[in-house]
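Participant: What follows is a predicted protein model with its sequence.
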Amino acid sequence: MFAYPAPVRKDGNGFAVSFPDLPAFSEGDTVEEAILEASDALETALSVYVDRRRDLPVASRIRTRTKHSGAFREAYFLIRPSALGAMKLALYTAMRDQGIRKADLARLLGQSKTEMDRLLDLTHASRVHQIEAALRVLGKRVEIAVQPAA
């Protein structure tokens with residue numbers, strides 16, 4: 001969930017990652033570093049949608065095209081937010097889908113508005129059990145699946 005395709009391109013001495021669906025960009029000295037930085041860039045871009053109370057952009061179809069002529073030129077990867085970021089985005093999406101405001105959810109959970117703000121802040125290190133409780137109130141549950149790295 002919340003996986004966005006992004007081309008990784010050779011750029012000078014390093015690698016650049018851009019997102020066709022979002023205004024986000026990252027770079028790194030290696031492909032791995034560029035992808036790791038891209039996850040942070042993705043969360044930063046998505047946090048702007050949350051802050052502005054906008055729908056999250058729909059990820060475009062996965063492009064598996066790889067261009068190269070001898071040396072690495074470009075490859076597409078699926079970039080995902082952190083596990084905690086994905087949980088917060090799932091909470092935000094569930095709230096929007098159900099028309100639940102932060103104040104309403106705070107009241108249902110017996111929390112303050114400040115605590116609710118933190119649960120939706122992708123930069124705040126919220127506790128997983130708090131997000132799980134909020135999702136449960138909205139009729140959702142968290143499942144974790146560990147898969148081999150691509």
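Facilitator: Right, received. Where do you want to start?
Participant: Where is the longest helix in the chain?
Facilitator: helix 31-51 (DSSP state H).
Participant: packing partners for it?
Facilitator: strand 4-11, strand 14-18, strand 25-28, strand 71-79, helix 83-98 (3 or more CB pairs under 8 Å, 6 or more residues apart in numbering; DSSP states H and E). Glycine gets a C-beta too; all of them are placed from N, C-alpha and C.
Participant: Comparing the ones you listed, which yields the minimum mean pLDDT?
Facilitator: Lowest mean pLDDT of those: strand 71-79, a mean of 77.
Participant: Now render the helices and strands packed on helix 31-51 as a markdown table, adding distance to residue 124.
Facilitator: A markdown table is the format used below for the helices and strands packed on helix 31-51 (distance: least, CB to CB, whole Å):
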| stretch | distance to residue 124 |
| --- | --- |
| strand 4-11 | 22 |
| strand 14-18 | 25 |
| strand 25-28 | 21 |
| strand 71-79 | 21 |
| helix 83-98 | 9 |
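Participant: lowest average confidence, helix or strand, in this structure?
Facilitator: strand 66-69 (a mean of 52; mean pLDDT, DSSP states H and E).
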